[in-house]
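A.B. asks: Just a sequence and a predicted model for now, questions to come.
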Amino acid sequence: MNINELIFDENGLIPAIIADAKSKEVLTLAYMNKESLEISLKEKRTCFYSRKRQTLWRKGETSGNFQNIISITSDCDNDALLITVIKEGPACHTGQNSCFFNNLYTSDVENSDFSISSLASLIKERKRNPKDGSYTNYLFEKGLDKILKKIGEESSEVIIGAKNNDKEETIYEIADLTYHILVLMSQMGILTDEVLSELKSRHIIDAKIKQEKMT
């Protein structure tokens, strides 16, 4: 499709939802007119139209918090846009990562306890009772070699993120690596308690060695 197929409102504007291309978090809701959208497409960075100031503004032109565009998609009615970006700094002028931080309601599911053990249990349950469309089950179906390949890939991504001194990217990739390690553990019948026990034994040995050096 092209810009001419989009439906702008009576003021010549179209709402644009901005989301993080990596985390999928919604960052902000802004508006574009045809000119700002054309600039965004040309420069590959978000440019909006300020309804308050009645003028164009490039995100980051004063703050340095640019948003590099990965994709632009319209909705089914062609009257709203979803733009995924890789951001340089916070999206909100308040310094918050996202403009959406004033919570009105959170379900109990969101507040439910989460731990490495609970995630390991969920993965184990997927292995026992496969679910259609589950990525975890896809890994189990492909077997050990596929799981090991993914661990290798995610390990490389952690290294790249850390080498680039990109904290957010490194956290994101560590989470991916942790998940795939848990899948490997389930595949091999390794319990999280067994790993914790191994770490605990090393801690005890280290403590004894330090104590012996002091005596």
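C.D. replies: Done, it's in.

A.B. asks: Please make it C-alpha for all contacts and neighbour counts, starting now.
C.D. replies: Fine.

A.B. asks: Dihedrals phi and psi, Ser74?
C.D. replies: Main-chain dihedrals, Ser74, degrees, to the nearest 10: phi -100, psi 160.

A.B. asks: scratch that, Leu104
C.D. replies: Main-chain dihedrals, Leu104, degrees, to the nearest 10: phi -100, psi -30.

A.B. asks: One more: Ser98?
C.D. replies: Here is the backbone geometry of Ser98 (degrees, to the nearest 10): phi -130, psi 150.

A.B. asks: For burial, what's the neighbour tally of it?
C.D. replies: Ser98 has 19 neighbours, counted by other C-alpha atoms under 10 Å.

A.B. asks: Against Met185, how distant is it?
C.D. replies: Going from Ser98 to Met185 by C-alpha to C-alpha, to the nearest Å gives 35 Å.

A.B. asks: same question, Leu119
C.D. replies: From Leu119 to Met185 the distance is 12 Å (C-alpha to C-alpha).

A.B. asks: Those two: which has the busier surroundings?
C.D. replies: Ranked by neighbour count (other C-alpha under 10 Å), Leu119 and Met185 place Met185 first, with 17 against 14.

A.B. asks: Against Lys149, how distant is the more buried one?
C.D. replies: 14 Å.

A.B. asks: now swap in Val195 and tell me
C.D. replies: 21 Å.

A.B. asks: got any ranges where this protein has weak pLDDT?
C.D. replies: 106-113, 206-208, 210-215 (pLDDT under 70).

A.B. asks: Now for the most centrally placed residue in it: which residues touch it?
C.D. replies: Nearest to the mean C-alpha position of the chain, by C-alpha atoms, centre = their mean, lies Ser23 at 1.6 Å. Ser23 makes contacts with Tyr172, as judged by C-alpha atoms under 8 Å, 6 or more residues apart in numbering.

A.B. asks: In terms of helix, strand or coil, where does the closest residue to Cys92 other than its chain neighbours fall?
C.D. replies: Closest residue to Cys92 apart from its sequence neighbours, by C-alpha to C-alpha, 6 or more residues apart in numbering: Cys99 at 4.9 Å. Taking DSSP: H, G, I helix; E, B strand; the rest coil as the rule, one finds Cys99 in the coil state.

A.B. asks: what about Cys99, distance to Glu25?
C.D. replies: Taken as C-alpha to C-alpha, the span from Cys99 to Glu25 is 11 Å.

A.B. asks: Glu43 now?
C.D. replies: 23 Å.

A.B. asks: which residues in this protein form helices?
C.D. replies: Using DSSP state H, the helices found in the chain span residues 34-43, 108-111, 116-128, 135-142, 144-163, 167-188, 192-214.

A.B. asks: Report the angle between the third one and helix 135-142.
C.D. replies: Between helix 116-128 and helix 135-142, the angle formed by their directions is 50 degrees, by axes from the mean of the first three to the mean of the last three C-alpha atoms, to 10 degrees.

A.B. asks: buried set for helix 116-128?
C.D. replies: 120-121, 123-124, 126-127 (16 or more other C-alpha atoms under 10 Å).

A.B. asks: mind putting the residues you listed in TSV, distance to Ile14 included?
C.D. replies: Converted to TSV, those look like this (distance: C-alpha to C-alpha, whole Å):
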residue	distance to Ile14
Ala120	44
Ser121	45
Ile123	42
Lys124	46
Arg126	42
Lys127	45
